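Peer 1: Sequence plus predicted model, see below.
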Amino acid sequence: GGITEITSPGKLGQLMTTAPITGFLPSFDTNKIPNANPVGAGARAAGMGSAFIAVADDATAASWNPGGLVQLERPEFSVVYHYIDSGRDIHSNDYPLVNEPNQITDGDINYLSAALPFTFKGHNMVTSINFQRCYDFNKVVDYQYHDFSRTASPTVAGRTTTHDEYYNVEYEQAGYLNTVTPAFALELTPDLSIGAAVNFWGSGVPDSGYGDKQQSTRSEERYVLDGNYVDRTYVNEESSIATDTEITSGTNVNLGMLWRTTPKLTLGAVLKTPFTADLSTRERTTLDGSLYQGRLLPNSGTTLNPTGANDWSQWRVANETVTPYSYSSEETYHDQLHFPLIWGVGASWRFNDAFTVAASWTRTYWENFTIKYDSWEERVDLSAEKESFVAGKNITPGDTIRLGFEYLIIKEKTIIPLRGGVFLDPEPGEEGLDDYYGITVGTGYAFGSRAVFDCAYQYRWSTDAGTALNVPDGTEEAKQHKVVASIIYYF
């Protein structure tokens, strides 16, 4: 954060850079995503802790395990709504001013589907079309930052330099990544079925894309104390960086299998293929500031304290110059984001018609979650690798474990389910995987044989997650409350 003397107002490159601010800028990493692991949809699944790979018996199976679609017996239409209240408390031992809570709420439809079962040559089959909200980018982070230092000159006796900086940063991110997904399932035998779902991530998908904006104010003062005078350099500036990003193309496939090994035990497996998405990002940057340079002379009776605090109001400014500066740019970049391979296995045990327990294990190869930058030399430190790890350094594959149950209260005219679940859901952070935990509860109500309503509540948290803002010695305490509601209508 040092200041370099300028020779003309237009030479922004010779001014003090905003490196202390941009060092805190949240780059495209998975910490920008409240839940980095894309999971399937549906309130019934959410109520069971999302342990749904070996259950997958409604239209949302296209997102969990397409092989389960073949369990549908009637045409159906489903819609899923979710509401999220997400908070992130940033902590830093090095910079106490950063310690601030940040909260954001969001609610919207996150899944739509229509499914049609049919029979061909003695085999049951199901086809469906689905719209899914896979990634939610909504996030707000505001913080303050103060850096102070005082150093003595190693060569000039009695000369010290005082450096004092203040930042105020407001960061907001909004948007989604959605897919349009046709799916198909085939019953090979009465106990074994397979299925596939093709996810289209391109620009033609409705309401898909995200953007962010960071507004910063910064003031920096540097005093060089030497005998009875002080050279002061002062900077005051405001900056803004805004981006809009969309996936212009990208396709991958979910492959699933469901095998009922006994009347009580069902096994499931799913494979989500890796793919490379083409990104188009428009970035707009503005910077406005003023550079003040001058000498401070003491008023009568004022003496200089070279090692402690000084009351600068008792000093007068002599020969001060003011140099305003500004900068603005707008660029478009075309990057490539590589999504990793994901596979999962699950099992469900049906004790009787009323009680089922389920478990699933999913592995995501986060070390292969990378981004290739366009115009690399202009945007990234040349000492870095050209293919950058989106998820951070020292990342290993992440294993998500989910356990859930469903108990049905069967009445004469309706069925009332009781559901619950727990999960461990690690996310990649700056220096490795951060552990996130969750608990869920859910219920529902069947309106005769035509419609079913389900709802679920999920609490997901992490007490020591790496901060997405690269704050020195920084961690985040994340808490997320999520309510999911869905309606399935049968034809």
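Peer 2: Done, it's in.

Peer 1: show me where pLDDT drops low in the chain?
Peer 2: Within the chain, the segments meeting pLDDT under 70 span 1-40, 93-100, 156-158, 227-228, 305-310, 375-393, 430, 465-474.

Peer 1: Surely residue 145 is in contact with residue 217?
Peer 2: No. Checked against Cβ atoms under 8 Å, the pair residue 145 and residue 217 is beyond contact range at 11.0 Å. The way it works is simple: take the backbone N, C-alpha and C, and place the C-beta from them, glycine included.

Peer 1: list residues touching both of the two?
Peer 2: Common neighbours of residue 145 and residue 217 (criterion: Cβ atoms under 8 Å, 6 or more residues apart in numbering): 167-168.

Peer 1: Among these two, which residue is more densely surrounded?
Peer 2: When neighbours are counted by other Cβ atoms under 10 Å, residue 145 and residue 217 differ, and residue 145 comes out ahead with 23 against 16.

Peer 1: Any figure for the gap between that one and residue 106?
Peer 2: 27 Å (Cβ to Cβ, to the nearest Å).

Peer 1: now the strand or helix carrying residue 452, how far from the centre of its chain.
Peer 2: Assigning secondary structure by DSSP states H and E places residue 452 in strand 451-466. The chain centroid and the centroid of strand 451-466 are separated by 16 Å under Cα atoms, centre = their mean, to the nearest Å.

Peer 1: What residues of that strand count as buried?
Peer 2: Buried positions in strand 451-466, judged by neighbour count with 16 or more other Cβ atoms under 10 Å: 452, 454-458, 460-462, 465-466.

Peer 1: From these, pick the one nearest residue 369.
Peer 2: Taking Cβ to Cβ as the measure, residue 369 lies nearest residue 466 of these, at 15.0 Å.

Peer 1: Now name the helix or strand holding the closest residue to residue 141 other than its chain neighbours.
Peer 2: The shortest distance from residue 141 to any non-neighbouring residue, by Cβ to Cβ, 6 or more residues apart in numbering, is to residue 171 (4.4 Å). Take DSSP H and E as the rule and residue 171 turns out to sit in strand 159-189.

Peer 1: Which of the helices or strands spans residue 323?
Peer 2: Assigned by DSSP H and E, residue 323 falls in strand 315-339.

Peer 1: ok, that strand: who's next to it in the sheet?
Peer 2: strand 275-298 (antiparallel), strand 370-372 (antiparallel) (DSSP bridges).

Peer 1: Just the closest of the buried residues of strand 451-466 to residue 293, please.
Peer 2: Closest to residue 293, out of all of the buried residues of strand 451-466 and judged by Cβ to Cβ, is residue 466, at 39.3 Å.

Peer 1: chain center to stretch 293-308: distance?
Peer 2: On Cα atoms, centre = their mean, the centre of stretch 293-308 falls 49 Å from the chain's centre.

Peer 1: in it, what counts as buried?
Peer 2: Result for stretch 293-308 [16+ other Cβ under 10 Å]: buried residues 293-294, 296, 304, 306.

Peer 1: nearest to residue 328, of these?
Peer 2: The nearest member of the buried residues of stretch 293-308 to residue 328, counting by Cβ to Cβ, is residue 293 at 24.0 Å.

Peer 1: wait, what's in contact with that closest one?
Peer 2: Here residue 293 is in contact with 5, 231-234, 320-321, 323 (Cβ under 8 Å, 6+ apart).

Peer 1: Quick one: buried ones out of the residues you listed?
Peer 2: For the contacts of residue 293, a burial check counting by 16+ other Cβ under 10 Å picks out 232-234, 323.

Peer 1: residue boundaries of the strands in the stretch 101-250 of the chain?
Peer 2: Assigned by DSSP state E, counting those that start in this stretch, the stretch 101-250 of the chain shows strands spanning 123-136, 139-152, 159-189, 192-200, 209-226, 229-249.

Peer 1: Touching the fourth one from outside, list them.
Peer 2: The set of residues that contact strand 192-200 without belonging to it, under Cβ under 8 Å, 6+ apart, is 61-63, 65-71, 124, 126, 130, 132, 134, 179-188, 250-260.

Peer 1: PyMOL command to pick out the buried ones of those?
Peer 2: To isolate the buried ones among the contacts of strand 192-200 in PyMOL, judged by 16+ other Cβ under 10 Å, type:
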select buried, resi 61+62+63+65+66+67+68+69+70+71+124+126+130+132+134+179+180+181+183+184+185+186+187+250+252+254+255+256+257+258+259+260
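
Peer 1: Tell me how far residue 210 lies from residue 484.
Peer 2: Residue 210 is 21 Å from residue 484, by Cβ to Cβ.

Peer 1: same thing with residue 339?
Peer 2: Separation of residue 339 from residue 484 (Cβ to Cβ) stands at 24 Å.

Peer 1: same thing with residue 346?
Peer 2: 19 Å.

Peer 1: Would you list the phi and psi of residue 63?
Peer 2: Backbone torsions for residue 63, taken as degrees, to the nearest 10, come to phi -90, psi -20.

Peer 1: Wait, it touches residue 112, no?
Peer 2: No. Judged on Cβ under 8 Å, residue 63 makes no contact with residue 112 at a distance of 11.5 Å.

Peer 1: Mind listing the shared neighbours of the two?
Peer 2: Common neighbours of residue 63 and residue 112 (Cβ under 8 Å, 6+ apart) are residue 130.

Peer 1: Residue 112: neighbouring residues, count only.
Peer 2: Each residue near residue 112 was counted by other Cβ under 10 Å, and the total is 17.

Peer 1: Kindly report the same for residue 194.
Peer 2: Residue 194 has 20 neighbouring residues, counting by other Cβ under 10 Å.

Peer 1: next one: the one 10 residues further on
Peer 2: Residue 204 is surrounded by 10 other residues when neighbours are defined as other Cβ under 10 Å.

Peer 1: residues touching it, list them.
Peer 2: residue 180.

Peer 1: ok, now residue 454?
Peer 2: Here residue 454 is in contact with 42-44, 47, 417, 442-444, 485-488 (Cβ under 8 Å, 6+ apart).

Peer 1: Could you dump the residues you listed into JSON lines and include secondary structure, distance to residue 175 and neighbour count?
Peer 2: What follows is the contacts of residue 454, written out as JSON lines (DSSP: H, G, I helix; E, B strand; the rest coil; distance: Cβ to Cβ, whole Å; neighbours: other Cβ atoms under 10 Å):
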{"residue": "42", "secondary structure": "coil", "distance to residue 175": "23", "neighbour count": "28"}
{"residue": "43", "secondary structure": "helix", "distance to residue 175": "24", "neighbour count": "29"}
{"residue": "44", "secondary structure": "helix", "distance to residue 175": "27", "neighbour count": "27"}
{"residue": "47", "secondary structure": "helix", "distance to residue 175": "27", "neighbour count": "28"}
{"residue": "417", "secondary structure": "strand", "distance to residue 175": "34", "neighbour count": "21"}
{"residue": "442", "secondary structure": "strand", "distance to residue 175": "28", "neighbour count": "25"}
{"residue": "443", "secondary structure": "strand", "distance to residue 175": "32", "neighbour count": "19"}
{"residue": "444", "secondary structure": "strand", "distance to residue 175": "31", "neighbour count": "24"}
{"residue": "485", "secondary structure": "strand", "distance to residue 175": "23", "neighbour count": "17"}
{"residue": "486", "secondary structure": "strand", "distance to residue 175": "23", "neighbour count": "26"}
{"residue": "487", "secondary structure": "strand", "distance to residue 175": "26", "neighbour count": "17"}
{"residue": "488", "secondary structure": "strand", "distance to residue 175": "28", "neighbour count": "25"}
